[in-house]
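*Asks:* Quick one: sequence and predicted model below, then my questions.
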Amino acid sequence: MTQDLSGKAAVVTGASRGIGRAIALGLAARGASVAVNYLKNDKLAAEVVAAIEADGGTAVALQADLSRPAEVTGLFSRAEQALGPLDIVFANAADAVIKPLVECTEEDFDRVFAANVKSVFFTLQEAARRVRDGGRIVATSTGGTRMFFTETSLYLGSKGAVEQFVRVLSRELGPRNVTVNAISPGFTDTDLLPERDREVAAGMSPFGRVGRPQDVADVAVFLAGDEARWITGQNIAAGGGVF
């Protein structure tokens, strides 16, 4: 079954690289027009847009610092101006600080929670206001919230908050037939996976490798289609069997 997302408009945050990039490309490949959000790297965002357009799709790169609620609102307004009413939102942008809890500073805390909690909260809030009835909202969490790891207190704590946002919002938007879900990648080949952990991570999967962004994106894009209409309030694992 191949999903057809023709006529749908999507916003993907943190879409210039990694999993967000793969999600943006996957949505576009199925016919959706895509707003490619980025924070700093306009060159990478432009490359994502160019790749989509080269394949006959429609995309626009939109810069915004999502830790600032006014910029979240502006992002959604610009996306609607460029693409029309929105149907799909992926809250994917994230940051991480990897160090023991006792070494984490207030600056570390503020950095991670601004990127992973505050920005996601206001992205979900704006998505709830803007997506059309029958829309799809997905937030990226992590399989790490189901496992035991050292040096990840800030990252996993922030993602735990995202999972609770999703659970609550799914109940609030159910009457509009809007689904709200989280997707939890396992060890995935992005710049958030420390080089030191890659060999061990590959050994934890029965497939003997870490995930590729496309592996996660295919599951995420499924959640954007009509075939996923009966799935809401869930945290979908996309971890290659490591949790």
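*Replies:* Okay, I see it.

*Asks:* Quick one: distance of the worst-scoring helix or strand of the chain on mean pLDDT to the chain centre.
*Replies:* Sorting the helices and strands of the chain by mean pLDDT, DSSP states H and E puts helix 198-204 at the bottom, at a mean of 91. Centre-to-centre, helix 198-204 and its host chain are 23 Å apart (CA atoms, centre = their mean, to the nearest Å).

*Asks:* can you give me the strands for this protein?
*Replies:* For the chain, the strands defined by DSSP state E cover 9-12, 33-38, 59-63, 88-91, 136-140, 179-185, 235-238.

*Asks:* would you turn those into JSON lines with mean pLDDT and mean neighbour count?
*Replies:* In short, each C-beta sits where N, CA and C put it, glycine included. Listed next are the strands of the chain as JSON lines, based on pLDDT from 0 to 100; neighbours: other CB atoms under 10 Å:
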{"stretch": "strand 9-12", "mean pLDDT": "98", "mean neighbour count": "30"}
{"stretch": "strand 33-38", "mean pLDDT": "98", "mean neighbour count": "28"}
{"stretch": "strand 59-63", "mean pLDDT": "98", "mean neighbour count": "21"}
{"stretch": "strand 88-91", "mean pLDDT": "98", "mean neighbour count": "29"}
{"stretch": "strand 136-140", "mean pLDDT": "98", "mean neighbour count": "28"}
{"stretch": "strand 179-185", "mean pLDDT": "98", "mean neighbour count": "26"}
{"stretch": "strand 235-238", "mean pLDDT": "98", "mean neighbour count": "19"}
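
*Asks:* among those strands, which is nearest Glu53?
*Replies:* strand 59-63 (6.3 Å; CB to CB).

*Asks:* The closest one pairs with which strands?
*Replies:* strand 33-38 (parallel) (DSSP bridges).

*Asks:* contacts for the strand it pairs with?
*Replies:* If you take CB atoms under 8 Å, 6 or more residues apart in numbering as the criterion, strand 33-38 is touched by 8-16, 24, 27-28, 44-45, 48-49, 52, 57-64, 66, 75, 78-79, 82-84, 93.
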